[in-house]
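**Q** what shape does this take:
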Amino acid sequence: MKAFFLVLLICSLVHGNNQAKISINFRDITGFFSTITTCQMVVNPMLRRGSPIHDNAFKALKDLDSQMVRMAMWFPYPHLSVAELTPPTGNPRCGTASEVFGKVPHLRIFCGTPNGIIQSIDFASFGTPEGSCGQFRKSSCDAASSMKIVEQNCLGRNTCLIPVSRDVFGDPCVNVDKRLFVQATCSNAVNTTSWDFQYMDPIVNDFMDATGNVNLMPKGRDVVASFSTSPTWMWNTDQAVPVPSDPNQVDWSYEQGTELRDFSLQDIAMYYKRLFQWYTQGGFTDEYGVYHKSGYYYEFSHWEIGNEVEDEHDMTVQYYTQVYDAVVEQLMQVDPKMKYVGMALENHYEWNWYEYFLNPKNHKANIPLDWISFHFYGISNERTNVSSYQVFFQSADQFLNEVTRIIQIRDKYSPRTKIDIDELGTILANDNVPDPVRIPNEYWTASGAMYSYLAANLALKGIDTVGLSQLVGFPTQYPSVSMVDWIYGMPNNRYWNLFLLRDQIPYGSHVVNTTSSSESVFAMGYLGSDAFEKVLLVNKYNVDAEVTLAGYSKGTYQFINADIFGIQSATFTGSITLKGWSTAIVSLQ
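**A** Okay, here's the model as predicted:
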């Protein structure tokens, strides 16, 4: 039925009935635009120094002058996002794994060197053991066969796989979830680590410079540091996950595993603590007591834990909450003032995640719930069919309804927690093939208009931050999400929509009562910090609209349409022809 009425509406618009009369009462203040409009930068080779677009891309980021830009160090390029790609090589060699109903997971124990041999099993317990590596301890629930079975599987080998199942070890305590802890000693072990920041540092440096955060200088703008990809060797996998030798090689298979090898979660917590110390404390001490000096003393205002974890590591909300608490607990020891961002959900409508994570009772004592984050993408199943882009606005309206429910859950459990929608964008079909079909100019304009439409409506709902995704995408890494082109690094109309909002709608602007006579044109009147009367207009359809502002006939306006990339200016004399999927801001006199 909705599709039928949409067809009728579009037919009506095409046949010349697209006229919108906007009525604005600047004396009736209905709210405030207290939303930070910003973006995210996702690491990839095009942001490396020497790339043909490096300088223009970072200039575009600097020119935005945004708060709360998200720096996403993400897994498809492991060298650019992970600082310790291989595990420490010394003894002891430890691992933990939980039994899984209906499956037989394996615990992999491996020596740190290719010529190492497992020469002794120092601890083995299937049941409910506790502790961390080097300090494992048994409980009253312990299978007597544990040591014998592990020794049979592992002694004399470089690597071994142990099935984690009561069918193998027996059941030492019925109706209890069980796990296997193992500690081994290998021959020819040497105490070395693989900490290496040579590929990450330049991108982090350039990002921090572009956001006004120069090393050893006073803090600049707030940023969200999201080193979301943890080393894959920290996760239980049946075999070692290879890493491409070329840092520019995309690897969508790097991130694997659904359970961390360390049941205590201290390995991953200490990884992030050391990484944080590298960038904020001048250096860190590694697993074997060796100090690594960086000379960096940046200040990250916000730190996000994980990214789309319900998909990337198939976590449950209960498991993720434990990981969040463990990481935050360690980082708070270094910087108690930093704010933390949790969840970064891919599927924003997973209500059980909000219900559980936002309930303080499900966290350790004194663990803050400063922010939550989640993502939204309008997705077209076609690439070059311009009419298919209309789906972006349809899905945007559904998303706004879902956000209302998220706010209700937040207000119920943790009303002081802020909301960061730090990935908001659109994606086209067949986006990650090596040589995708060229994207029409109308797409960038429609996608940018959707961002402006959502940013305004989310501001009316009180959302704290709305981040456009992403600064640079390119073939093999979501080119349709890019804000700049991947040949010259010049901004497209997605970028210019964000720029227009940042330039023309100051934070804290007074939003006023505004109505539009046409469903096709969204309007939001507001009073800027300069007290000028202004109105944001977004054409939600790819059909020109004749827009009049009741009672106003003088002013100027800035607008974006598919004719060119950039912001154009014109004189307002009573009406505007707002082209399909165009955005405009009118300054009235």
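
**Q** my guess is His292 contacts Phe284. True?
**A** Yes: under the criterion of C-beta atoms under 8 Å, His292 makes contact with Phe284 at 5.7 Å. Every C-beta, even on glycine, is put in place using the N, C-alpha and C of the backbone.

**Q** any shared contact partners between these two?
**A** Taking C-beta atoms under 8 Å, 6 or more residues apart in numbering as the contact rule, His292 and Phe284 both touch Trp278.

**Q** which intervals of the stretch 1-150 of the chain have sub-threshold pLDDT?
**A** Low-confidence segments of the stretch 1-150 of the chain, defined by pLDDT under 70: 1-17.

**Q** all helices of it, in order?
**A** In the stretch 1-150 of the chain, the helices defined using DSSP state H, counting those that start in this stretch lie at 2-12, 54-64, 78-81, 146-154.

**Q** re the thing from before, of His292 and Phe284, who's got more company?
**A** Counted by other C-beta atoms under 10 Å, His292 and Phe284 do not tie: Phe284 has more neighbours, with 21 against 17.

**Q** which SS class is the more buried one?
**A** strand (DSSP: H, G, I helix; E, B strand; the rest coil).

**Q** right, and it touches Tyr272 too?
**A** No: under the criterion of C-beta under 8 Å, Phe284 is not in contact with Tyr272, lying 10.9 Å apart.

**Q** show me the contacts for Met68.
**A** Residues near Met68 by C-beta under 8 Å, 6+ apart: Ile36, Thr38, Arg221, Asp222, Val223, Val224, His302, Asp420, Asp422, Thr465, Gly467.

**Q** hmm, 7 Å instead?
**A** Ile36, Thr38, Asp222, Val223, Val224, Asp420, Thr465 (C-beta atoms under 7 Å, 6 or more residues apart in numbering).

**Q** just the buried members of those?
**A** Buried by 16 or more other C-beta atoms under 10 Å: Ile36, Thr38, Asp222, Val223, Val224, Asp420, Thr465, out of the contacts of Met68.

**Q** need these in a markdown table (columns: distance to Val243 and secondary structure).
**A** Below are the buried ones among the contacts of Met68 laid out as a markdown table (distance: C-beta to C-beta, whole Å; DSSP: H, G, I helix; E, B strand; the rest coil):
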| residue | distance to Val243 | secondary structure |
| --- | --- | --- |
| Ile36 | 36 | strand |
| Thr38 | 32 | strand |
| Asp222 | 33 | coil |
| Val223 | 27 | strand |
| Val224 | 26 | strand |
| Asp420 | 31 | strand |
| Thr465 | 33 | strand |
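
**Q** and those as a markdown table, adding distance to Tyr557?
**A** Listed next are the buried ones among the contacts of Met68 as a markdown table, based on distance: C-beta to C-beta, whole Å:
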| residue | distance to Tyr557 |
| --- | --- |
| Ile36 | 24 |
| Thr38 | 24 |
| Asp222 | 31 |
| Val223 | 32 |
| Val224 | 33 |
| Asp420 | 31 |
| Thr465 | 27 |
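
**Q** closest to Asn236 out of those residues?
**A** Checking those against Asn236 with C-beta to C-beta, the nearest one is Val224 at 29.1 Å.
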